[in-house]
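Asks: Pasting a predicted model and its sequence here:
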Amino acid sequence: MALTQRLEFRQSQSLVMTPQLMQAIKLLQLSNLDLTTFVEEELERNPLLERASDEAAGEAPAEAGQFNDHDGEDSGSQSDADGFGGSGEAFEPGQEEWMSKDLGSRAEIEQTLDTGLDNVFSEEPAEAAARNAQDAAPTTYTEWGGGASGDEDYNLEAFVAAEMTLSDHLAEQLSVAFTGAAQRMIGQYLIDLVDEAGYLPPDLGGAAERLGATQEDVEDVLAVLQKFDPPGVCARSLSECLAIQLRELDRYDPAMQALVEHLDLLAKRDIVSLRKLCGVDDEDIADMIGEIRRLNPKPGMKFGSARLQTMVPDVYVRPGPDGGWHVELNSDTLPRVLVNQTYYSELSKKIGKDGDKSYFTDALQNATWLVRALDQRARTILKVATEIVRQQDGFFTHGVAHLRPLNLKAVADAIQMHESTVSRVTANKYMATNRGTFELKYFFTASIASADGGEAHSAEAVRHHIKQLIDSEAPAAILSDDTIVERLRASGIDIARRTVAKYREAMRIPSSVQRRRDKQSALGNVLSSAMSDRSRNTEPA
């Protein structure tokens, strides 16, 4: 076979990810907060981008200046007659002569007016008091300018006290409790390990080695830290936290110690075993359990922690006048940016270097593309949200029980887009409805087959049905997972027992055994309280 060289033409199709396309895809999946941050960075980077509000504010003075100049040139006579000339130099007839005329001495003026100047130009009492106060020397710090002022930019929030954190609260007590530098260093190291609930890690064996101290020194400092406010802080376990609080209340006797050391039995509601371990009767064990419940298992939670960002919806859904639903974007979450074409045209006339021209050309192209990408993002979000509302009309009208099974492909086919686009649009986006604020992903649920071969059920609607069954069960007739399966199948929902258990655990609902113990224990407390109240009411006066 001979080897020869030849030219061939081949035509093929391929998807090329340009930087602009990658940017548009990135914008789709950003939340409104991330999008605001991204646009702020672009505004700092690109000189041809500007906020729409800035442009509106910049055009107002220019338009006003043109209006005044036009009036000054074309309507000069009218301006002079009104006393508001464009140049500011025109006055009323005879005003210029009156201003330049010498009025004479005080006696001549009083003789001309036929009265004293005090009667003509007398000050009101309020004005006189204000003048005297203004002439007086400042008496307070704020009057010298060091405090509050009457400026419009005065910010009252600057004087609001900062939120005290648990770490700051413990550090203040540390500076008073210890005087030695070594003890303060150990104490600060342990405080830095305290989590937001007020607990230390269970194992502090490496603290002594890292700090170059002995284990006894660490334990001594820890014993002092555990006496800090709030009671129970710096504990290494729940039992130790409760024990610290009981010692603070002088209630840590041997019986209570046995109860605190066997909290697992208390969680299982094994009252018989607890009564034997503590060596008390039924009434005493009930009082001890009541004391345990009044303690704070997370003492550090009452202090300030990380700030939670307010969730701002991207889409609003409101009932329409025709019985349908009106879908609109939240304009507050949409960045308003414009391309300054005027600035670019002025620069293009003055730029002489090729490198500068290419820079501003790229800046114009990127700015134009960003504005188009933001507009396309808003349109896509509105289109996807409208289709979701159309598909889930039963949810908005009747509630969670009427939520239909829905997937990305159904919405993508309806609006003629790709599934990946719909997935990016629904990520980190929220919808405010008449039933609350939900993430767009919430409306996409798996389908569960119907027992009678009818329409499939939404997984979220099935979870809601399971929760309703469990909430309405009686303490004497707790529903097991098998019983829930039978009732769901009677309602036309074909579901397996393991699926019911998975949904129940996802909603943090305990098992039937645990629910029976909890409800019977609660019922017993109610009955005992009712019996005690009845016995008090029947006592002879």
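Replies: Thanks, I have it.
Asks: Do a quick rundown of the helices in the stretch 401-541 of the chain.
Replies: Using DSSP state H, counting those that start in this stretch, the helices found in the stretch 401-541 of the chain span residues 408-415, 419-426, 459-471, 481-490, 497-506, 512-537.
Asks: could you give the angle of the fourth one to helix 497-506?
Replies: Regarding helix 481-490 and helix 497-506, their directions subtend 110 degrees when assessed with axes from the mean of the first three to the mean of the last three Cα atoms, to 10 degrees.
Asks: Dump helix 481-490 to CSV, keeping only the CA atoms.
Replies: Extracted in CSV, the C-alpha atoms of helix 481-490 (Å, rounded to 0.1, in the frame of the first residue of the first chain):
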residue,chain,number,x,y,z
ASP,A,481,-44.8,0.6,60.1
ASP,A,482,-46.7,-2.4,58.9
THR,A,483,-50.0,-0.9,60.0
ILE,A,484,-49.1,2.4,58.3
VAL,A,485,-48.4,0.4,55.1
GLU,A,486,-51.8,-1.2,55.3
ARG,A,487,-53.6,2.1,55.8
LEU,A,488,-51.7,3.7,52.9
ARG,A,489,-52.6,0.9,50.6
ALA,A,490,-56.2,1.3,51.6
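Asks: quick one on the thing from earlier: need the helices of the stretch 401-541 of the chain in JSON lines (columns: mean pLDDT and distance to residue 200).
Replies: All C-beta spots, glycine's among them, are computed from the backbone N, C-alpha and C. Below are those laid out as JSON lines (pLDDT from 0 to 100; distance: least, Cβ to Cβ, whole Å):
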{"stretch": "helix 408-415", "mean pLDDT": "92", "distance to residue 200": "46"}
{"stretch": "helix 419-426", "mean pLDDT": "91", "distance to residue 200": "41"}
{"stretch": "helix 459-471", "mean pLDDT": "89", "distance to residue 200": "37"}
{"stretch": "helix 481-490", "mean pLDDT": "90", "distance to residue 200": "39"}
{"stretch": "helix 497-506", "mean pLDDT": "90", "distance to residue 200": "30"}
{"stretch": "helix 512-537", "mean pLDDT": "62", "distance to residue 200": "30"}
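Asks: Including mean neighbour count and distance to residue 265, could those helices go into a markdown table?
Replies: Listed next are the helices of the stretch 401-541 of the chain as a markdown table, based on neighbours: other Cβ atoms under 10 Å; distance: least, Cβ to Cβ, whole Å:
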| stretch | mean neighbour count | distance to residue 265 |
| --- | --- | --- |
| helix 408-415 | 16 | 48 |
| helix 419-426 | 19 | 47 |
| helix 459-471 | 18 | 25 |
| helix 481-490 | 16 | 25 |
| helix 497-506 | 15 | 23 |
| helix 512-537 | 12 | 12 |
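Asks: Let's have these in TSV, adding distance to residue 255.
Replies: Output for the helices of the stretch 401-541 of the chain, formatted as TSV (distance: least, Cβ to Cβ, whole Å):
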stretch	distance to residue 255
helix 408-415	60
helix 419-426	57
helix 459-471	36
helix 481-490	38
helix 497-506	35
helix 512-537	20
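Asks: Mind checking the ones you listed for the one nearest to residue 12?
Replies: Closest to residue 12 of the helices of the stretch 401-541 of the chain, according to Cβ to Cβ: helix 419-426, at 22.9 Å.
Asks: what's the offset of that closest one from the middle of its chain?
Replies: Here helix 419-426 is found 24 Å from its chain centre; the criterion is Cα atoms, centre = their mean, to the nearest Å.
Asks: elements contacting that helix?
Replies: Helix 419-426 sits against helix 19-28, helix 354-391, helix 408-415, with contacts defined as 3 or more Cβ pairs under 8 Å, 6 or more residues apart in numbering; DSSP states H and E.
Asks: would you turn the ones you listed into a markdown table with distance to residue 302?
Replies: Output for the helices and strands packed on helix 419-426, formatted as a markdown table (distance: least, Cβ to Cβ, whole Å):
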| stretch | distance to residue 302 |
| --- | --- |
| helix 19-28 | 41 |
| helix 354-391 | 39 |
| helix 408-415 | 43 |
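Asks: confidence score at residue 325?
Replies: What the model reports as pLDDT for residue 325 is 91.
Asks: I'd say it and residue 396 touch.
Replies: Yes: counting by Cβ atoms under 8 Å, residue 325 sits close enough to residue 396 to count as a contact (6.0 Å).
Asks: and for those two, which residues touch both?
Replies: Counting by Cβ atoms under 8 Å, 6 or more residues apart in numbering, the common neighbours of residue 325 and residue 396 are 317, 389.
Asks: show me the contacts for residue 298.
Replies: Counting by Cβ under 8 Å, 6+ apart, residue 298 makes contact with 197, 198.
Asks: Now do the phi/psi pair for it.
Replies: phi -130, psi 80 (degrees, to the nearest 10).
Asks: i'd like the first residue to be 62 from this point on
Replies: Let's use 62 as the start, then, which means that last one is residue 359.
Asks: Need the nearest residue in space to residue 431, chain neighbours excluded.
Replies: Once flanking residues are discounted, residue 431 sits nearest to residue 103: 6.0 Å by Cβ to Cβ, 6 or more residues apart in numbering.
Asks: For the one helix or strand the one you found maps to, the averaged confidence score.
Replies: Taking DSSP states H and E as the definition, residue 103 sits inside helix 93-106. What helix 93-106 shows for mean pLDDT is 90.
Asks: now the angle from it to helix 415-452?
Replies: Taking the same axes, to 10 degrees, one finds that helix 93-106 is oriented at 160 degrees with respect to helix 415-452.
Asks: and the closest residue to residue 291 other than its chain neighbours, how many residues sit next to it?
Replies: In this structure, residue 291 finds its nearest non-sequential neighbour in residue 360, 4.2 Å apart by Cβ to Cβ, 6+ apart. Per other Cβ atoms under 10 Å, the neighbour tally for residue 360 reads 23.
Asks: So for residue 360, what's the pLDDT?
Replies: pLDDT, read off for residue 360, is 91.
Asks: Could you measure from it over to residue 524?
Replies: Taking Cβ to Cβ, to the nearest Å as the measure, residue 360 falls 34 Å from residue 524.
Asks: same question, residue 95
Replies: Taken as Cβ to Cβ, the span from residue 95 to residue 524 is 30 Å.
Asks: ok, the residue nearest to residue 499 when sequence neighbours are not counted - contacts?
Replies: Spatially, and ignoring its direct neighbours in sequence, residue 499 is nearest to residue 492 (5.6 Å; Cβ to Cβ, 6+ apart). Counting by Cβ under 8 Å, 6+ apart, residue 492 makes contact with 374, 375, 376, 377, 378, 446, 449, 498, 499, 500, 501.
Asks: and what of residue 507?
Replies: By Cβ under 8 Å, 6+ apart, residue 507 lies in contact with 466, 519, 520.
Asks: In stretch 384-400, which residues are buried?
Replies: Residues of stretch 384-400 classed as buried by neighbour count (16 or more other Cβ atoms under 10 Å): 386, 388, 390, 391, 394, 395, 396, 398, 399, 400.
Asks: From what I see, the last one and residue 426 are in contact.
Replies: This means residue 400. No: with contact defined as Cβ under 8 Å, residue 400 does not count as touching residue 426 (9.9 Å).
Asks: returning to what we had before: chain center to the helix holding residue 103, what's the gap?
Replies: The answer for helix 93-106 is 18 Å, by Cα atoms, centre = their mean.
Asks: Give the buried residues for it.
Replies: 93, 96, 99, 100, 103, 104.
Asks: Out of those, which comes closest to residue 461?
Replies: Nearest to residue 461 among the buried residues of helix 93-106: residue 93, at 25.7 Å, using Cβ to Cβ.
Asks: Tell me who's in contact with the nearest residue to the closest one once chain neighbours are set aside.
Replies: Nearest residue to residue 93 in three dimensions, chain neighbours excluded: residue 394, at 3.8 Å (Cβ to Cβ, 6+ apart). Counting by Cβ under 8 Å, 6+ apart, residue 394 makes contact with 93, 96, 97, 373, 375.
Asks: The fourth one and residue 97 touch, don't they?
Replies: No: between residue 373 and residue 97 there is no contact, the gap being 10.1 Å when judged by Cβ under 8 Å.
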